[in-house]
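[1] Would you be able to build a 3D model of this:
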Amino acid sequence: MSTLFQVNSDFWSNLFSSPWQIVIHVLDVGIVAWLIYRFIKALAGTKIMSLVQGVVLFVFLKFVAEFLGLTTITFLMNQVVTYGIIAAVVIFAPEIRSGLERFGRTPQALIQTRTVTSDDQIVQAFVDAVKYMSPRKIGALVAVEGTQTLREYITTGIPLDADISSQLLINIFIPNTPLHDGAVIVKDNKIAVSCAYLPLSESSSISKEFGTRHRAAIGLSEQSDALIFVVSEETGAISVAHKGDFVHDLSIDAFERLLKEQLISEGSETKPFLKTLFGGKKDA
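    Below you'll find the predicted structure:
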């Protein structure tokens, strides 16, 4: 007991040995807290967050088992931890790779000047394409990948890996052409595929006025953080789905403002999906 008391005494005396040491320790704790905050905020609303919550609960139960002296349960939990880490890396390899790629691009983003960025050009391409297709009632369905991978849906489409342009988007969705059916998926500022199949929403509260494209947009938004926009083939109305929210009958100006809010990064996080800001009508 005296040895433990001496160790604790030495720890606290070293911790506050000088004002400079106090500043260093405060900075150390502050950096760790900020990293944890950013990590949790980046995972909020994703499927990985559910895994993280489960891991935290599992670790808590493991400490309880050790404290109570439950030897067998503690042994089994240690085995799960040993092999669970490997399993998690294999299962979530796409998400981990995507996160590392984004992290690697951060230094470049910090030194870039913001004149006309690729994000601006992409948003303008989307707006120009919709501006052409909407009055002509050319049906369209476009999904822009967020932090969660859409690889399982990308594999269902026809690979393009093409630069985004309004002309290409318009040409893809012209009726009775080989690529017009299904969805276009945008990944890493490229049109990854066309003719992709998206999951249909099973919600019974969706109005019957919405067809397969709208149900697919809502379905994908319920299962990922992708931003999906739709042009109705029947009415030419513009709709957007994101994280389970759905707005329709947007004007071109409202659609452009929404895209800029969601897709153009200005050194801050993605903005909330504000349904009432754009004059759109919410449904299901």
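[2] quick one, domains of this protein?
    Domain ranges of the chain: 2-111, 118-282, per automatic domain parsing.
[3] okay if I get those as CSV plus mean pLDDT and mean neighbour count?
    In short, each C-beta sits where N, CA and C put it, glycine included. Putting the domains of the chain into CSV (pLDDT from 0 to 100; neighbours: other CB atoms under 10 Å) gives the following:
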stretch, mean pLDDT, mean neighbour count
domain 2-111, 70, 11
domain 118-282, 86, 18
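[4] Name the next helix or strand downstream of the top helix by length along the chain, please.
    In the chain, with assignment by DSSP state H, the single longest helix is helix 19-43. Sequence order places helix 47-68 as the next helix or strand after helix 19-43, per DSSP states H and E.
[5] That following helix versus helix 19-43: what angle between them?
    Angular relation of helix 47-68 and helix 19-43 on a 0 to 180 degree scale: 120 degrees, by axes from the mean of the first three to the mean of the last three CA atoms, to 10 degrees.
[6] For helix 47-68, enumerate the helices and strands it packs against.
    Helix 47-68 sits against helix 19-43, helix 71-91, with contacts defined as 3 or more CB pairs under 8 Å, 6 or more residues apart in numbering; DSSP states H and E.
[7] Reformat those as a markdown table; add distance to Phe58.
    Listed next are these as a markdown table, based on distance: least, CB to CB, whole Å:
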| stretch | distance to Phe58 |
| --- | --- |
| helix 19-43 | 17 |
| helix 71-91 | 7 |
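[8] Any idea which of these gets closest to Phe63?
    Among the helices and strands packed on helix 47-68, the nearest to Phe63 by CB to CB is helix 71-91 (9.5 Å).
[9] Could you say which one of the helices and strands packed on helix 47-68 comes nearest to Val184?
    Ranking these by their distance to Val184 (criterion: CB to CB) puts helix 19-43 first, at 26.1 Å.
[10] Please compute how far the closest one lies from its chain's middle.
    Between the centre of helix 19-43 and the centre of its chain there are 25 Å (CA atoms, centre = their mean, to the nearest Å).
[11] Mind giving me the packing neighbours of it?
    helix 2-15, helix 47-68.
[12] Tabulate the CA atom coordinates of the last one in CSV.
    Translated: helix 47-68. The C-alpha trace of helix 47-68 is given here as CSV (Å, rounded to 0.1, in the frame of the first residue of the first chain):
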residue,chain,number,x,y,z
LYS,A,47,-23.5,1.8,-39.7
ILE,A,48,-20.0,1.8,-38.2
MET,A,49,-21.3,3.9,-35.3
SER,A,50,-23.5,1.0,-34.2
LEU,A,51,-20.4,-1.2,-34.2
VAL,A,52,-18.5,1.3,-32.1
GLN,A,53,-21.3,1.5,-29.5
GLY,A,54,-21.3,-2.3,-29.3
VAL,A,55,-17.5,-2.4,-28.8
VAL,A,56,-17.8,0.2,-26.0
LEU,A,57,-20.5,-1.8,-24.3
PHE,A,58,-18.5,-5.0,-24.7
VAL,A,59,-15.3,-3.4,-23.2
PHE,A,60,-17.4,-2.1,-20.2
LEU,A,61,-18.8,-5.6,-19.6
LYS,A,62,-15.3,-7.1,-19.9
PHE,A,63,-14.1,-4.7,-17.1
VAL,A,64,-17.1,-5.7,-14.9
ALA,A,65,-16.4,-9.4,-15.5
GLU,A,66,-12.7,-8.9,-14.5
PHE,A,67,-13.7,-6.9,-11.4
LEU,A,68,-16.2,-9.6,-10.3
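[13] That one to helix 71-91, inter-axis angle?
    Using the same axes, to 10 degrees, helix 47-68 lies at 160 degrees relative to helix 71-91.
[14] Tell me the gap between helix 47-68 and the middle of its chain.
    The answer for helix 47-68 is 24 Å, by CA atoms, centre = their mean.
[15] which residues sit in contact with Val240?
    The contact partners of Val240, by CB atoms under 8 Å, 6 or more residues apart in numbering, come to Ala217, Leu227, Ile228, Phe229, Val230, Phe246, Val247, His248, Leu250, Phe255, Leu258, Gly280.
[16] Let me know the closest of those residues to Ile185.
    Of all the contacts of Val240, Ile185 sits closest to Ile228, with 9.5 Å by CB to CB.
[17] tell me which element that closest one falls in.
    Assigning secondary structure by DSSP H and E places Ile228 in strand 227-231.
[18] Strand partners (parallel or antiparallel) of that strand?
    strand 140-144 (antiparallel), strand 238-242 (antiparallel) (DSSP bridges).
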